[in-house]
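In: Generate a structure from the sequence data that follows.
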Amino acid sequence: MNVLKLLKKENEKQSLQLTRDDFILIRDIMKKMNVFKINSYDALIIQRDLIGMAHEMKHRGTSLTEEMGDGFDGFI
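Out: Numbers count the residues shown, from 1 in each chain. Below is the predicted model of the structure:
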């Protein structure tokens, strides 16, 4: 199986463990990042990192949505 398919499958699997709000935030960030010229591999890596950040925030007792708030445009 190629690397892109593996990354996509793993991202989908990890996304199932996210809260609805974090999932929507990551989806919105990825949509807004489409204005940048990034390849599919880099986009999947960015998504994987965001999912990892969301899981880390969950372990800290907060959420990615709470930590970023409405200012995720600055993050992008």
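
In: If you count contacts, what does the lengthiest helix in the chain end up packed against?
Out: Taking DSSP state H as the criterion, the chain has its longest helix at helix 40-59. Helix 40-59 is packed against helix 3-15, helix 20-32, helix 64-68, with contacts defined by 3 or more Cβ pairs under 8 Å, 6 or more residues apart in numbering; DSSP states H and E. Using the backbone N, CA and C atoms, a C-beta is placed for each residue, glycine as well.

In: in that helix, what counts as buried?
Out: Neighbour-count burial for helix 40-59 flags 43-44, 46-48, 50-51, 54, 57 (criterion: 16 or more other Cβ atoms under 10 Å).

In: I'd like the average pLDDT over it.
Out: Across helix 40-59, the average pLDDT comes to 94.

In: Let me know the angle separating that helix from helix 20-32.
Out: With axes from the mean of the first three to the mean of the last three Cα atoms, to 10 degrees defining the directions, helix 40-59 sits at 160 degrees from helix 20-32.

In: Make residue 1 into 19 and carry on from there
Out: Got it, first residue is 19 now, which makes that one helix 58-77.

In: chain center to helix 58-77, what's the gap?
Out: 4 Å (Cα atoms, centre = their mean, to the nearest Å).
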